[in-house]
Each structure stands twice: as structure tokens, then as C-alpha cells.
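In: need a 3D model of the following:
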Amino acid sequence: MIFLVSLKIDKILSEEHLMRTLKVFSLLCILFLYTIQSYAQQPVDKVYRMDTRPPEEIFHPAKGGFSPWGTNDNLVEHVQGVFDREHRATASAFVSTTTDRDFAINWGRGFGMEIFYVYEIRPTANFYSVVRSLQRLYAQTGRREYWSLMNLCENQAEYVAIRGIGVTQIRGVHRFRYSENDHAYIEDDYLNNELYQNYRTEANPVAYIPTAQLPSEAITPETYCAMNLTASHRYSIRFAAKAHTCPFLKERRQCHDALSTIAFLNASFL
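Out: Residues are numbered from 1 along each chain as shown. Here you go, the predicted structure:
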């Protein structure tokens, strides 16, 4: 009897050891693929940013460019739009851009503004791929949340600029204005930035390594919604122009709509 129990325990331990070995092996494979991808990728020398601010403001010699809200370099919180803009230490230290011009345009259309702008930018070494950075986090920790988040939002082709974007990096801008006659946005002529400096620079080919410790958790749509029930006024919402292309953003928008309804009912009847 003791012999059979011992055999069963040995079998369980062997299975646990096998599972741990397979997990370590899979993480090593992901890390290897991430490294190969970093060196094999095409250099990124052009990115885009949708913004509602006009070129008179963005191209200003002293106050132009794009500045982040704060100093928090938690990339996961930035990607999910979960940060407190009221406090610089917790607000994002990143400025979002994308390599996909069409995505930037669609993002602008989704805001429903009469006019929006898509700026063309020359990236430098402080620009990092969000997908590649999430891959690295997953390879480091093995936590599926990072992998899921990467898969959900990889269509955005996002590159983030730590500490912002200087005015001399902005090549120019296209203005998009809504036409009542055409019921569509019309793209106006391209406007060059006179302060632009035409150097050959590229985005950083490696993942972003945060100065702080690894994020304590990756926020899911459910935890984000629960968090907003008590602090909805403090956190930003990164609305997607086409929310159905990113399920996380779609669920977050539904959550936000539900919270707005609750707030209205509370104000009206309670």
C-alpha cells in the first residue's frame, strides 16, 4: 500500500515538473522569437498622431510639440488608459502615435468632431513599440494578461514616445473637416511645419524597460469597470474610433455608458 502511494506521489511530482519545464520552455521560445523579431523588423521612421489641437498650437516655437500628462511610465496603464490625470506622478509619461495612418484617421472620425488633425512625425530613440514591450513583459512574467492585452490591441500599431515629442520632429499635418453635404470627412491640403528638422532617425527597435517595478496587475475590462464605480471622475477613457476592432475598448465603452446612466439616475432620482 505504501509502495502504491509512493508511486502515485512520484507520478504527481513528475507531472508537475513536466508542466513547469514546458512553461519555462514556452517562455524561452517567446523570448527567442521576440529577440529575432526585434532585429528582423523594418526600421520605423514615420509615425502618425491624431489630435484635435490645431497646428497653430502644435507648431508653436516655444510651447509646441506633444507633452505627456505626467511621469508614470507604467506602459500597461497607459495602453489601457487607466491613470489619474489629476496627479502628475500617476499620469502617463507617454504620448501615443501609430504607424498606421488609416487607424489614426479612423480614430479621429470616431470622436465626432467637426475638425481633427493627423500629424506626421519623425520618431527617435524614445519611441517604443507597444506590442513588442508587452511581448517582453509576458516573456518576463509568463502572465497571460499581457499576452491577451497585446492580442486585443495589436491592430492599433501603437508606438509610444516616453517624455513626449519635440516640435522639430513633426513634419507636417493634414486637416480633416466634416462636410455636411458629403456626410463624410474631407482631407485638406498638407501643411508643412517650418520648424521641422530633417534628420534620419528611427524608433527604438527594442522593448521599453520601465524605470519602476513591473506592473502589479494588468487591468481587465471587468476590473476597470469595477474601479470606475468608485472613481470614474479620475480616469481617462481612450475611445477607439472603431471600438469593435479592439474588444477591450468596446467593453470599456459599454462600461462607461453604463456608469453614465447610473450617474444620471442617481442625480435625477436619489
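In: now the strands for the stretch 51-200 of the chain?
Out: In the stretch 51-200 of the chain, the strands defined using DSSP state E, counting those that start in this stretch lie at 94-98, 115-121, 127-129, 158-162, 170-179, 184-192.
In: out of those, which is closest to Gly81?
Out: The minimum distance between Gly81 and those falls on strand 94-98, with 9.8 Å, by CB to CB. To be clear about C-beta, it is placed using only N, CA and C from the backbone, and glycine gets the same treatment.
In: rewinding a little: closest one to Glu202 among the strands of the stretch 51-200 of the chain?
Out: Across the strands of the stretch 51-200 of the chain, closest to Glu202 is strand 127-129 (CB to CB), at 8.3 Å.
In: closest to Pro61 out of the strands of the stretch 51-200 of the chain?
Out: strand 170-179 (12.2 Å).
In: low-confidence ranges in the stretch 151-270 of the chain?
Out: By pLDDT under 70, the low-scoring segments of the stretch 151-270 of the chain are 212-270.
In: so where do the helices sit in it?
Out: Here the stretch 151-270 of the chain has its helices, by DSSP state H, counting those that start in this stretch, at 221-231, 247-269.
In: same list (the strands of the stretch 51-200 of the chain) but as CSV, adding distance to Gln42.
Out: CSV is the format used below for those (distance: least, CB to CB, whole Å):
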stretch, distance to Gln42
strand 94-98, 15
strand 115-121, 17
strand 127-129, 12
strand 158-162, 13
strand 170-179, 19
strand 184-192, 24
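In: nearest to Met50, out of those?
Out: strand 115-121 (5.4 Å).
In: who are the packing partners of the closest one?
Out: strand 47-51, helix 55-58, helix 101-109, strand 170-179 (3 or more CB pairs under 8 Å, 6 or more residues apart in numbering; DSSP states H and E).
In: for Lys46, which residues are in contact?
Out: Thr99, Glu120, Ile121, Arg122, Pro123 (CB atoms under 8 Å, 6 or more residues apart in numbering).
In: how does it look with 6 Å?
Out: Shown in contact with Lys46 (CB atoms under 6 Å, 6 or more residues apart in numbering): no residues.
In: quick one, domains of the protein?
Out: 1-40, 42-215 (automatic domain parsing).
In: and the shortest one, average pLDDT?
Out: Same thing as domain 1-40. In this model, domain 1-40 carries a mean pLDDT of 54.
In: most packed of the domains of the chain?
Out: domain 42-215 (a mean of 17; mean count of other CB atoms under 10 Å).
In: quick one: which of the helices and strands packed on strand 115-121 is nearest Ala89?
Out: Of the helices and strands packed on strand 115-121, nearest to Ala89 by CB to CB is strand 47-51, at 24.3 Å.
In: now do that closest one: everything it contacts.
Out: Contacts of strand 47-51 (CB under 6 Å, 6+ apart): 97-99, 101, 104, 107-108, 117-119, 121, 123, 159.
In: quick one: which two of the residues you listed are the most distant?
Out: Gly108 and Pro123 (19.8 Å).
In: what's the closest of the helices and strands packed on strand 115-121 to His78?
Out: strand 47-51 (14.3 Å).
In: Gly172 is in contact with Asn193, correct?
Out: Yes. With contacts counted by CB atoms under 6 Å, Asn193 reaches Gly172, the gap being 5.3 Å.
In: how about the CA coordinates for stretch 60-67, as PDB?
Out: What follows is stretch 60-67 as a C-alpha-only set of coordinates in PDB (Å, rounded to 0.1, in the frame of the first residue of the first chain):
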ATOM      1  CA  HIS A  60       4.400  76.900 -31.700                       C
ATOM      2  CA  PRO A  61       8.200  77.600 -31.300                       C
ATOM      3  CA  ALA A  62       8.100  77.700 -27.500                       C
ATOM      4  CA  LYS A  63       5.000  75.700 -26.500                       C
ATOM      5  CA  GLY A  64       4.700  73.300 -29.400                       C
ATOM      6  CA  GLY A  65       5.100  69.600 -29.800                       C
ATOM      7  CA  PHE A  66       3.300  66.900 -27.700                       C
ATOM      8  CA  SER A  67       3.800  66.600 -24.000                       C
END
